[in-house]
Structure formats: structure tokens, C-alpha cells
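1. Starting from these lines, generate the structure:
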Amino acid sequence: MLGFFERNRLVRKGLASAKTRRRRPQNEVLRSMETGVLMKIFVFTCFIVGLWALINYNVERLAAERFLIALLIFFVALAQLWINHPNSFRSNSRIALMFGSMLSQLVITKALIVFAIRGAIDPQMSVLLVPYALAPLICSVLLGKNHGLYAAVFVSLWSSIIYQGSNVAFFQGGNAAVFLVMSLISGFVAVFLTLEVRRRSRLMRAGFSVGVATWALAIAFGLILIPWELFPALDWPTIGWQSFAAIGSGILTAMLVGGALPVLESLFRLTTDISWLEMADLNHPLLKRLTIEAPGTYHHSLVVANLAEAAAEAIGANATMCRVGAYFHDIGKLVKPDYFTENMNQERNPHDDLAPTMSALIIIAHVKEGVDLALKYNLNQQIIDVIQQHHGNSIVNYFYKRALQQQEDARQGGKIMNIREEDIPEVREDSFRYPGPRPQSKEAGIISLADAVESASRSLEKVTPQRLEQLIGDIFEARLLDHQLDECELSLRELRQIAESFRFTLQSMMHSRIAYNPAGAQPTPLPERGKETKPPVSAA
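-> Next up, the predicted model:
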């Protein structure tokens with residue numbers, strides 16, 4: 001409260017700005033829920049209780065034995081998650097998503113069993129209506145293929161236990177192993193066809209393929225009975241309904257997942273490639289402002305996006321996220337666009353009239369201004385992270401060296417003017433460093449490197465593969481020595497692949513062309529060997 005009145009007093013005197021910078025809310029409760037042990041135990045307990053209820057409901061015998069088997073499978077699933085997916089094991093929201101989706105599929109499976117027991121639907125039809133791909137599709141699209149395979153395996157095991165305990169002859173002999181195979185294959189098909197989902201239509205294709213796989217397996221295992229020797233006398237209506245149920249179940253599952261994706265993304269703070277592509281629209285208000293107010297920055301962002309996307313594809317990172325993050329990484333330059341090289345008027349450099357400290361302050365501020373604009377326009381949290389991290393805590397080298405030079409000049413002049421050493425302003429390195437943090441993900445690290453490489457490549461007078469390779473190598477070495485890449489999990493092998501991708505992309509974009517004149521004009525004579533000439537000024 002006292003700070004509020006003090007701020008108002010300074011604003012009235014003109015000693016403080018009336019503008020308040022937007023800040024991301026820091027919710028300690030949500031942070032503790034995301035990583036807390038108690039919340040993790042709560043999620044696992046809810047799943048075990050739900051599994052126990054599904055196994056014991058409407059079952060007369062051997063329920064305890066089946067629940068014990070299901071519990072042992074749960075501990076195996078827990079160990080598998082902890083060993084192979086440690087990041088997901090630490091995230092309670094991801095655990096809730098995975099086990100919640102599997103529990104939802106188990107509930108639907110149990111409901112179909114109950115309907116079959118009560119005679120509401122045909123027992124064989126209920127097997128064809130099971131949404132085998134529900135949990136695998138959700139986990140694959142939102143968390144990746146490995147999580148999709150994880151869900152497919154364990155939800156199939158638990159589903160087969162639930163089926164085994166039912167007193168309904170779903171197929172001849174009541175063989176639960178047949179159901180297990182059908183569930184596993186259908187889940188694997190769903191994951192295989194959603195390795196890269198960039199359009200919602202891809203989900204529908206995956207659902208149709210899962211339905212066809214279920215239909216083919218049902219015929220192979222006798223769920224859809226076709227006695228080929230009696231082909232003319234087949235019960236076509238029954239076969240038609242069974243085929244429609246098998247294929248329609250897969251399509252309906254895909255439609256359900258596609259409709260639930262926006263809700264799940266918002267609830268669990270995840271972003272799919274579908275959403276990234278929607279955010280890549282260049283008609284976004286901030287990008288349209290860049291084209292008008294900072295065209296140089298806009299062009300720079302497009303080139304960085306191309307570099308980052310190609311490099312991400314080379315190492316298997318999220319290429320679509322890199323493209324979108326690169327589009328928005330420099331939106332903070334909209335506040336003072338004329339103070340950045342790519343937007344400067346050739347006749348005047350505004351930094352000539354400023355002290356190096358003030359110039360560095362303006363340059364560094366574009367990160368905070370970018371976060372402010374991103375919060376104002378409700379951009380994705382991962383884009384905000386890229387804006388904050390794309391410079392890490394690196395130093396604004398040009399103005400730092402300029403400040404050191406001015407300090408040295410002041411010392412030399414002070415010896416003549418008898419100025420004391422303590423009267424010469426101190427140059428502190430911290431004043432010339434970005435606030436950070438350093439890049440925390442592979443995608444943020446790629447964008448950071450692409451930003452530096454693209455900016456430096458503009459200074460090359462003649463582009464050759466050797467010069468590009470030297471430039472990229474120097475930038476990568478400087479970033480490594482400054483520890484800017486320590487927290488983004490990029491290996492040395494991946495850095496070599498990124499460097500090679502940058503070199504190839506830049507060489508393709510910046511290759512030299514033979515000078516030519518418009519049609520009808522005299523051709524420009526080629527320079528003699530050993531003589532240098534200035535390049536012709538383009539009319540464009």
C-alpha cells in the first residue's frame with residue numbers, strides 16, 4: 001500500500017512512468033500442484049480406485065484376483081513412466097492427462113459390457129463399438145508418439161482384464177487374448193498415423209484407418225462371421241451393421257478427440273501442431289504492425305523462422321513451434337523500432353547521440369517490451385518463453401566495448417586534465433547483459449542461435465560456404481563459452497547438425513547472382529580479373 005502512494009507521488013512529480021508493465025501471474029499454488037508429491041499420489045489413488053470400481057462392478061467371482069493383476073500392471077506402468085519418461089513423471093498435469101484418458105476409455109469399455117450383459121446391445125456388437133484408439137490418440141497428439149504407445153499398451157492390458165471378468169460370451173470361447181490383440185493393434189495403428197498431425201483431417205484419416213483395422217481383425221477372429229462357402233446366402237444386414245459399427249467407432253473416436261483437443265490443450269497447458277499452425281497466420285495484428293512499423297525486423301523474423309524450422313527438422317525438434325516462435329521473438333522492437341540496425345535510416349543513427357549505457361538499455365528493453373506485448377495479445381506461453389530466452393543473459397557486446405573504449409579515453413584524457421580515477425564512471429558488465437533466463441528448451445536454443453546467425457550474416461560482403469561456415473562456427477563457439485546453451489539440452493551432435501542446416505539454408509537464400517539489366521538495356525560488362533568494382537545499385 002505504501003509503495004502505491006509513493007509511486008503516485010513520483011508520477012505526479014514526473015519522476016516515474018504512469019505505465020505499469022504487464023507481468024505473468026506467479027501462482028505458487030499451481031506450481032506446487034504441478035510438481036508436488038501429494039498431488040501425484042492423489043492422481044494415482046484416483047486411478048487405482050476407479051480401476052477397482054470398474055473391475056468389481058457387476059462381477060460375481062475372482063474380482064480380487066483380477067484387481068491384484070491390474071494393480072501389478074499399474075506398478076509396471078509407473079516404473080515404465082519413471083524410467084522412460086522422467087519429464088512426464090515429474091509433471092502432475094501430464095500424469096493426469098495420460099491416466100485420465102486411459103480411465104475414460106476403460107469406463108466406456110465397461111459401460112459397453114454392462115449394456116451387453118443387460119441385453120441392450122448384442123455382445124459381439126459391443127466389442128466392435130469399443131473406442132480402442134481413444135487414449136492412444138489423445139496421448140499421441142498431445143504428448144508424442146512414445147506416450148501414445150505407452151497408453152496403447154497399458155490400456156489394452158487393463159481392458160482385457162475387465163473383459164475377462166465379464167460373464168458374457170463376446171466371441172467363441174470368450175478369449176480375452178483376442179480382445180487384447182485387437183486393442184493393441186488398433187492403438188498402434190492410431191499412433192502410427194498421428195506421428196505428425198498438422199491438420200484435423202489427419203485425425204479423421206487415423207480414425208477411419210483404426211476402424212478398418214478393427215473391422216479386418218473382427219473378420220479374422222470370427223466376430224464378423226462370413227461363411228464364404230455360403231456367400232450367396234449371407235445375412236448381409238447383420239454384416240453391414242457390424243461393419244458400420246467397427247468403422248464408425250473409429251471415426252467417432254477421432255471426432256471426439258478432435259473436438260476435445262482445444263479444451264485439453266487449455267486445461268493441461270499443451271499445444272499441438274494444429275494449434276501452432278493456426279498461430280502461424282501472418283495476419284496476426286502484431287505481425288501486421290511489424291510489416292508497417294518495423295519492416296526490417298519483420299524480414300529478419302521471417303528469415304530466422306526459415307532457419308529455425310529447417311534446423312529443428314534436422315534434429316527432430318518441434319519445427320512448427322520454432323517457426324511460430326521466430327515470428328514473434330522480436331515483437332518488442334515495435335516500441336522503438338528506429339533504434340535497431342535493420343530498421344535504421346541510413347542518414348542518421350540515433351545511438352550516436354546516446355551514451356553506450358543508454359543505448360544498451362534500449363536494446364535490452366526490447367525483451368521486456370516483447371513480453372508485455374505478448375501478454376497484452378494473449379500469446380501462447382511457449383512463445384512468451386521464447387521472447388524472454390532468445391538472448392539468454394548474453395552481453396550487448398558492441399555497446400559494452402564502446403563503453404570500455406570511452407572509459408579508456410577518459411582515463412587518458414584524465415591524466416592530462418588531472419582528473420581523479422574515482423571520478424571516471426565505472427563500466428559494469430551486468431549493465432550490458434540481458435536479464436535472461438537462458439534458453440530452457442531445444443526450440444528456444446535453436447531460435448536463439450538462428451537469431452544471432454541471421455543478424456551476423458548481414459555483415460558479410462561476399463557470401464561463400466567457407467565464410468558462412470566460419471561465421472556460424474564462431475557464433476556457436478561464443479555461445480558455448482558464454483554458457484548460453486547449458487540449459488536447453490542440445491547435444492554437441494545436434495549443434496553440428498544445426499550448424500550444417502544453417503549453412504545450407506543461408507547459402508541457398510544468399511547465393512550470389514550475375515548482375516543484369518532490364519530488357520533492352522546494354523549488358524553490364526564483367527569486371528576484369530584482379531580488379532574490384534562496386535556492385536550496381538538495383539532499381540528495385
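2. measure the nearest residue to S249 once chain neighbours are set aside to L495 for me?
-> In this structure, S249 finds its nearest non-sequential neighbour in L129, 5.1 Å apart by CB to CB, 6 or more residues apart in numbering. In short, each C-beta sits where N, CA and C put it, glycine included. The gap separating L129 from L495 is 50 Å, by CB to CB, to the nearest Å.
3. tell me, what residue is most central in this structure?
-> Nearest to the mean C-alpha position of the chain, by CA atoms, centre = their mean, lies M321 at 4.8 Å.
4. isn't it right next to K442, touching?
-> No. Look at M321 against K442 with CB atoms under 8 Å: they stay out of range, at 9.8 Å.
5. Just the pLDDT for R402.
-> Per-residue pLDDT puts R402 at 89.
6. Same check on L449?
-> We have a pLDDT of 96 for L449.
7. what number of residues lie near it?
-> L449 has 28 neighbouring residues, counting by other CB atoms under 10 Å.
8. residue contacts, it?
-> Contact partners of L449, counting by CB atoms under 8 Å, 6 or more residues apart in numbering, are 311, 475-476, 479, 498, 502.
9. give me the element it is part of.
-> If you go by DSSP states H and E, L449 is part of helix 442-457.
10. Show me what whichever helix or strand comes after that helix packs onto, helices and strands only.
-> Downstream of helix 442-457, the next assigned helix or strand under DSSP H and E is helix 465-481. With contacts defined as 3 or more CB pairs under 8 Å, 6 or more residues apart in numbering; DSSP states H and E, helix 465-481 has these neighbours: helix 442-457, helix 492-509.
11. Out of those, which one sits most buried?
-> Among these, helix 442-457 has the highest mean neighbour count (mean count of other CB atoms under 10 Å), at a mean of 25.
12. what angle separates it from helix 465-481?
-> Angle between the axes of helix 442-457 and helix 465-481 is 130 degrees (criterion: axes from the mean of the first three to the mean of the last three CA atoms, to 10 degrees).
13. what does stretch 95-114 contact?
-> Against stretch 95-114 from outside (CB under 8 Å, 6+ apart): 40, 43-44, 47, 50-51, 54, 57-58, 81, 88-89, 121, 126, 129-131, 134-135, 138-139, 142-143, 147, 150-151, 154-155, 158-159, 162-163, 166, 168, 264, 268, 270.
14. do that again at 7 Å, thanks
-> Here stretch 95-114 makes contact (CB atoms under 7 Å, 6 or more residues apart in numbering) with 40, 43, 47, 50, 54, 57-58, 88, 126, 129-131, 134-135, 138-139, 142, 147, 151, 154-155, 158-159, 162-163, 166, 168, 264, 268.
15. So which of those sit within helices?
-> 40, 43, 47, 50, 54, 88, 126, 129, 134-135, 138-139, 142, 147, 151, 154-155, 158-159, 162-163, 264, 268 (DSSP state H).
16. Walk me through the domains of this structure.
-> As given by automatic domain parsing, the domain ranges for the chain are 31-270, 275-396+433-509.
17. what kind of secondary structure is V197 in?
-> With DSSP: H, G, I helix; E, B strand; the rest coil as the basis, V197 sits in coil.
18. Could you report the pLDDT at P232?
-> For P232, the predicted pLDDT is 56.
19. can you check S275 too?
-> pLDDT recorded at S275 is 88.
20. and it, how many residues sit next to it?
-> Close neighbours of S275, defined as other CB under 10 Å, add up to 18.
21. Please apply the same query to I239.
-> I239: 14 neighbours (other CB under 10 Å).
22. A218 is in contact with that one, correct?
-> No. Using CB atoms under 7 Å, I239 is not in contact with A218; the gap is 10.5 Å.
23. Quickly list what's touching both of these two.
-> Looking at what touches both I239 and A218 (by CB under 7 Å, 6+ apart), the common residues are I224.
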